[in-house]
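Participant: Okay, structure incoming, though there's no sequence with it:
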């Protein structure tokens, strides 16, 4: 065999092993982040606190609190608008936190546009 020739093992094997360890670490970080995001609660209020929507990370609405003072049988549309605003705000809050967490994870990958 020529000098400096192939001596067993795969060329770049150490590099591949390192990449596999890094991929496994990233997968563990992703799973941990996903669990944290799914267990988080996102709250949003509308009407100066008249209506509060609470959503959990799985995008399920957990509760809606309505201040009895804003319940006006003559103006149901206003209450409907406040509820919609609170729920949509909670969804937006959850999306913002998820996107920020994904961007942080993506930064470790160095692959633009992955998430």
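Facilitator: It's in. In this text the structure is predicted, and so the values were computed from the model without any measurement. Numbering: from 1, shown residues only.

Participant: which residues of this structure score low on pLDDT?
Facilitator: The chain contains residues with pLDDT under 70 at 1-12, 108-115.

Participant: Geometric centre of it: which residue is closest?
Facilitator: Central residue of the chain (C-alpha atoms, centre = their mean): residue 98, 2.1 Å from the mean position.

Participant: Okay, and it sits in which element?
Facilitator: In this assignment (DSSP states H and E), residue 98 forms part of helix 76-109.

Participant: and that helix, which residues are buried?
Facilitator: 79, 82-83, 85-87, 89-91, 93-94, 98, 101-102, 105 (16 or more other C-beta atoms under 10 Å). In short, each C-beta sits where N, CA and C put it, glycine included.

Participant: Nearest residue to the residue nearest to the centre of the chain in space, ignoring adjacent ones along the chain?
Facilitator: Distances taken as C-beta to C-beta, 6 or more residues apart in numbering place residue 37 nearest to residue 98, at 5.6 Å, with adjacent residues excluded.

Participant: re the thing from before, pretty sure the residue nearest to the centre of the chain contacts residue 38?
Facilitator: No: in this structure, residue 98 is not within contact of residue 38 by C-beta atoms under 8 Å, at 9.8 Å.

Participant: residues shared between the contacts of those two?
Facilitator: Counting by C-beta atoms under 8 Å, 6 or more residues apart in numbering, the residues touching both residue 98 and residue 38 are residue 57.

Participant: how about the closest residue to residue 58 other than its chain neighbours, what does it touch?
Facilitator: In space, and not counting its chain neighbours, residue 58 is closest to residue 38: 5.3 Å by C-beta to C-beta, 6+ apart. By C-beta under 8 Å, 6+ apart, the residues touching residue 38 are 56-58.

Participant: helix or strand for residue 38, which one?
Facilitator: Remark: residue 38 resides in helix 13-39, with elements defined by DSSP H and E.

Participant: before we move on, what about residue 63?
Facilitator: Element membership of residue 63 [criterion: DSSP H and E] is strand 60-66.

Participant: how close does the residue nearest to the centre of the chain get to residue 20?
Facilitator: 27 Å (C-beta to C-beta, to the nearest Å).

Participant: And residue 78, by the same measure?
Facilitator: Here residue 78 is placed at a distance of 58 Å from residue 20 (C-beta to C-beta).
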